[in-house]
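Trainee: the sequence and its predicted three-dimensional model are supplied below.
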Amino acid sequence: MEPRFLVRTNVRTNPRSGHAAGLHQCLLSAISRCLSIAQQNVSSGFDLPKSLATAKTFAEMVEVWATYWLKLLSALSAQAEEVRALSTKVAADVAAPIKALVGSLPKCDL
């Protein structure tokens, strides 16, 4: 799936700053990675039934189940950290042109 439809090309910031293209690329990259993570999670959801189908005894089923959940929780933890880092980067990229614009405003001494 192409994530370009999610972020339209009419993303605008201060036209003098030139940040629109970089922000657009940053958002596309973040959305693309989030879609990739979702696809990985859906694919891994089919691993458990396949593995359980091959188990011969109840003990094997419990072992497969426990291994699957440990692996899943580890993957989800890593994905959560990655999404946190992505959101921090997107927030910084969104804030940069705003800070630049506010910084360029004349100071008002009252």
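Mentor: Structure's in. What do you need? Numbering: from 1, shown residues only.

Trainee: who are the packing partners of whichever helix or strand residue 100 is part of?
Mentor: For residue 100, the host element (DSSP states H and E) is helix 58-104. Applying 3 or more C-beta pairs under 8 Å, 6 or more residues apart in numbering; DSSP states H and E, we find helix 58-104 packed against helix 20-45, helix 47-54. All C-beta atoms are positioned from the backbone trio N, CA, C, and that covers glycine.

Trainee: centroid-nearest residue for the protein?
Mentor: The geometric centre of the chain, computed from its C-alpha atoms, lies nearest to residue 34 (C-alpha atoms, centre = their mean), at 3.5 Å.

Trainee: hmm, back to that, would you format the helices and strands packed on helix 58-104 as CSV with mean pLDDT included?
Mentor: Formatted as CSV, the helices and strands packed on helix 58-104 follow (pLDDT from 0 to 100):
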stretch, mean pLDDT
helix 20-45, 85
helix 47-54, 91
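
Trainee: highest mean neighbour count out of those helices?
Mentor: Stretch with highest mean neighbour count among the helices and strands packed on helix 58-104: helix 20-45 (a mean of 15; mean count of other C-beta atoms under 10 Å).

Trainee: and the nearest residue to residue 64 once chain neighbours are set aside, how far is that from residue 60?
Mentor: Nearest non-adjacent residue to residue 64, counting by C-beta to C-beta, 6 or more residues apart in numbering: residue 51, 4.6 Å away. Taking C-beta to C-beta, to the nearest Å as the measure, residue 51 and residue 60 are separated by 9 Å.
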